[in-house]
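Student: next one to model:
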Amino acid sequence: MKVLVQIMKNLEIIGQPLPNIPWEERPEGCKAPVWRYSANPVIPRNLLPDSNSIFNSAVVPFEGAFAGVFRCDDKNRRMTLHAGFSKDGIHWDINPETIKFSCDIPEVAEWVYGYDPRVVKIEDKYYVTWCNGYHGPTIGVAWTTDFKTFHQTENAFLPYNRNGVMFPRKIDGKFAMLSRPSDTGHTAFGDIFYSESPDLEYWGHHRHVMAPAPFEVSAWQCMKIGAGPVPIETSEGWLLIYHGVLRSCNGYVYAFGSALLDREKPWKVIARSGQYLITPETLYELVGDVPSVCFPCANLYDPETGRIAIYYGCADTVTGLAFGYIQDIINFTKRTNIL
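Tutor: Now for the predicted structure:
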């Protein structure tokens, strides 16, 4: 059962205590709301014998340690999903065998590809959402209790859709998910939408959340946006880390920022950062299979201290880790608000 912990005088964060959260103190002189792990990349591209790259992956607390689902593109450049475990959230043991989903629906069970997973615990199950190949990209859904056996359900939406991110509790008694309708290509557009389901099979009550910002207002997110890690519930609203894309003269640039959503009507945006939290700056973010990409897919947080650890894909090649405090990110979101 989740607990409510007061962090500061005016902020409450909902969640289970996580005293063993991976952590590194803020570097001396750093004034940014988040900072990079000094030993990045935390997961290299060749951790598995057949991996070309490991990035855009999702982790959660699990049995006193950590577990996750990882995007591991192989040396055939096929997009595959693998389960993994870690004692400290930094050193990972990823299964070299791909996840074999258990599914009794023949039309859904046929595997084409899977990438950019998210994982969230709701009640007694861990739910996995990912971009699933079914006549184009859509949102696949599965659940597990042990990260060894995964039970696949119906795809959430029609093609084409990406960045399916579920909320960690039901909203008004229903499962809730953010997603970004797209197309079959490398979508040059994209808004974030909210959807609900009573049973993980039939999704509806679709609501628009937010669109890319005008170039003259916030250029880093002017082409398309997409939900990142699972939202964090606070007394100020749902804290959402999301990615934005700028089409520069030298190609796409992926950065990420933050927003606050209403707790009971999450399609209503309270505040949205005009500035990015992190943009490609370091060599491992600038150089790789897809240059200039910082793509967040997971966060761990400790409600007792307000610490947050953000996992993000770097240049579609390796996995990076950044740290911060939830209070600082909320303050940053309000201070740079473009609404």
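
Student: tell me where the chain has helices.
Tutor: For the chain, the helices defined by DSSP state H occupy 106-109, 283-286, 326-335.

Student: redo the ones you listed as JSON lines? Include mean pLDDT and mean neighbour count.
Tutor: Where you see a C-beta, it was placed from the backbone N, CA and C, and this is true even at glycine. Shown next, in JSON lines, are the helices of the chain (pLDDT from 0 to 100; neighbours: other C-beta atoms under 10 Å):
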{"stretch": "helix 106-109", "mean pLDDT": "93", "mean neighbour count": "11"}
{"stretch": "helix 283-286", "mean pLDDT": "98", "mean neighbour count": "18"}
{"stretch": "helix 326-335", "mean pLDDT": "98", "mean neighbour count": "19"}
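
Student: between those helices, which gets nearest to R272?
Tutor: helix 326-335 (7.0 Å; C-beta to C-beta).

Student: what does the closest one contact?
Tutor: 7-8, 11, 13, 33-34, 232, 234, 236, 239, 241, 257-260, 271-273, 275, 277, 301, 306-308 (C-beta atoms under 8 Å, 6 or more residues apart in numbering).

Student: isn't I270 right up against G237?
Tutor: Yes: counting by C-beta atoms under 8 Å, I270 touches G237, with 4.9 Å between them.

Student: for S57, see how far away the closest residue to N40 other than its chain neighbours is.
Tutor: Using C-beta to C-beta, 6 or more residues apart in numbering and skipping the chain neighbours, the partner closest in space to N40 is G320 (4.6 Å). Per C-beta to C-beta, to the nearest Å, G320 is found 11 Å from S57.

Student: please list all residues in contact with I99.
Tutor: V69, T80, L81, H82, A83, F150.

Student: nearest to T98, of those residues?
Tutor: T80 (4.6 Å).

Student: against D74, how distant is that closest one?
Tutor: Remark: distance between T80 and D74 (C-beta to C-beta) = 6 Å.

Student: the more surrounded of these two?
Tutor: Shown here are T80 and D74; by other C-beta atoms under 10 Å, T80 has more neighbours (20 against 17).

Student: which stretches of the stretch 101-250 of the chain form strands?
Tutor: Assigned by DSSP state E, counting those that start in this stretch, the stretch 101-250 of the chain shows strands spanning 114-122, 125-133, 137-144, 151-152, 161-166, 175-181, 192-197, 204-210, 224-227, 232-234, 237-248.

Student: if we can go back for a sec, what touches both of G320 and S57?
Tutor: Contact criterion C-beta under 8 Å, 6+ apart; residues shared by G320 and S57: Y311, G313.

Student: okay, now the nearest residue in space to V141 that is not next to it in sequence: neighbour count?
Tutor: Leaving aside its chain neighbours, V141 sits nearest to T153 (4.9 Å; criterion: C-beta to C-beta, 6+ apart). Using other C-beta under 10 Å, T153 is surrounded by 17 other residues.

Student: what residues are up against the nearest residue to L286 once chain neighbours are set aside?
Tutor: Nearest residue to L286 in three dimensions, chain neighbours excluded: P280, at 5.1 Å (C-beta to C-beta, 6+ apart). If a contact means C-beta under 8 Å, 6+ apart, then P280 has V253, Y254, A255, L286, P291, S292, V293, C294, C314, A315 as its contacts.

Student: any idea how far P96 is from V209?
Tutor: V209 is 38 Å from P96, by C-beta to C-beta.

Student: of the two, who's got more company?
Tutor: Higher neighbour count among V209 and P96: V209, with 21 against 12, using other C-beta under 10 Å.

Student: pretty sure the more buried one contacts K265?
Tutor: No: using C-beta under 8 Å, V209 makes no contact with K265, being 10.4 Å away.
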